[in-house]
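**Student:** need a structure here:
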Amino acid sequence: MTRYLSRKRPDHETTPTTRLFCFPYAGGGASAYRRWQRGLDALDAGVRVVPVQLPGREERFGEPRFTDLDALVEDMDAQLDEELSEPHLFYGHSMGALIAYTLARHRQRRGASLPRALVLSACRAPHLPPPAIADPDAGDEELLAALVALGGIPRTLLDHPEILLAMLPVARDDLRLCLGGTAVPIEPLRVPLHLFAGLADRLAGVEEMLSWRRHAGAGCAVRTMPGGHFFIRSEEDAFLRELASLTRRYAMERAPAHQVPAAAGS
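**Tutor:** Numbering: from 1, shown residues only. Okay, here's the model as predicted:
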């Protein structure tokens, strides 16, 4: 098994053939999505949740982290290529959305099988300047305050300094990865884009999400959610209902992974 797939079993297992590869946000890991399977099964979403585990965190804590997005995607593409030969979808939140898009773009460029659709949330279009979250080289207190204000660190963890101490280096390197960016291609992606924006998100709001249309070659639909940058946490139940309505449709089509179904909106 590729090291990018968690060895830990989700809280609830399922057998649908269409897989939903979930890429983590900055500072996060595969565990961010481990509870989603049960919720999506209850909604008849028709997908198997596959959390992607990046190096340098959780089960892969001892491995060096990537701070270059293109290098990460090249390694990920080689490791996941066989896994991505079957019908699948990509989902990513914030940094995870940028990784999911860049991986799909990389695979399109080399003629590999593509996801049936990309579902992206809380991430500016790649041609826009990166958001001013925090300086990766800021002091611990300044960086921690910025992450807490954004909703990236639950306030319950503030009473556990040992966890925060281990988390901050991961967040720093992830911020460097996001700030590094990647060359924006001329050719749009040949898969539908389904985008989610938090109405109170000050980093990647509705306008920034609408800008993804430039990169959509097979349709682009934008939906709004209550909440800020981490609405997938604060509004998890509502978001999973929206996500299930999308994945259910793609799971039912049973199309080969390289074919592109029509987009739901534009």
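**Student:** low-scoring stretches of the stretch 151-266 of the chain, by residue?
**Tutor:** Counting by pLDDT under 70, the stretch 151-266 of the chain has low-confidence residues at 152-156, 158, 181-185, 254-266.
**Student:** Could you measure from the closest residue to A251 other than its chain neighbours over to T247?
**Tutor:** For A251, ignoring the flanking residues on the chain, the nearest one in space by Cβ to Cβ, 6 or more residues apart in numbering is G46 at 3.1 Å. The C-beta positions use only the backbone N, C-alpha and C, and glycine is treated the same way. G46 is 6 Å from T247, where distance means Cβ to Cβ, to the nearest Å.
**Student:** hey, where'd the helices end up in the chain?
**Tutor:** Applying DSSP state H to the chain gives helices spanning 36-42, 69-80, 95-109, 140-150, 161-180, 206-210, 231-234, 236-253.
**Student:** Give me the residues contacting the third one.
**Tutor:** When contacts are taken as Cβ atoms under 8 Å, 6 or more residues apart in numbering, the neighbours of helix 95-109 outside the stretch itself are 21-26, 28, 52, 69-70, 72-74, 76-77, 80, 84, 90-92, 113-115, 118, 120-123, 126, 174, 177-178, 182, 185, 187, 189-191, 215.
**Student:** just the buried members of these?
**Tutor:** With burial judged by 16 or more other Cβ atoms under 10 Å, the buried subset of the contacts of helix 95-109 is 21-26, 28, 52, 69, 72-73, 76-77, 80, 84, 90-92, 113-115, 118, 120-123, 126, 174, 177-178, 182, 189, 191, 215.
**Student:** Point out the ones among these that are inside strands.
**Tutor:** F21, C22, F23, F90, Y91, G92, L118, L120, S121 (DSSP state E).
**Student:** Who are the contact partners of the fifth one?
**Tutor:** When you say that, I think you mean Y91. Contacts of Y91 by Cβ under 8 Å, 6+ apart are L20, F21, C22, F23, A100, L118, V119, L120, S121, L243.
**Student:** can you put those in CSV and add distance to G139?
**Tutor:** Compiled in CSV, the contacts of Y91 are given as follows (distance: Cβ to Cβ, whole Å):
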residue, distance to G139
L20, 38
F21, 35
C22, 32
F23, 29
A100, 31
L118, 36
V119, 36
L120, 32
S121, 30
L243, 37
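**Student:** Now do P188 against E253, distance only.
**Tutor:** For P188, the distance to E253 - Cβ to Cβ - is 21 Å.
**Student:** neighbours around the nearest residue to Q79 once chain neighbours are set aside, how many?
**Tutor:** Excluding the flanking residues, the one nearest Q79 by Cβ to Cβ, 6+ apart is T2, at 4.3 Å. Residues contacting T2 under the criterion other Cβ atoms under 10 Å number 13.
**Student:** Please list all residues in contact with T2.
**Tutor:** Taking Cβ under 8 Å, 6+ apart as the test, what T2 contacts is Q79, L80, E82, E83.
**Student:** One more: F23?
**Tutor:** V52, F90, Y91, G92, H93, M95, G96, A97, I99, A100, L103 are the contacts of F23 under Cβ under 8 Å, 6+ apart.
**Student:** what's the spacing between the residue nearest to it when sequence neighbours are not counted and L199?
**Tutor:** Counting by Cβ to Cβ, 6+ apart, G96 is the residue found nearest to F23 once chain neighbours are left out, at 3.4 Å. Here the criterion is Cβ to Cβ. By it, G96 lies 20 Å from L199.
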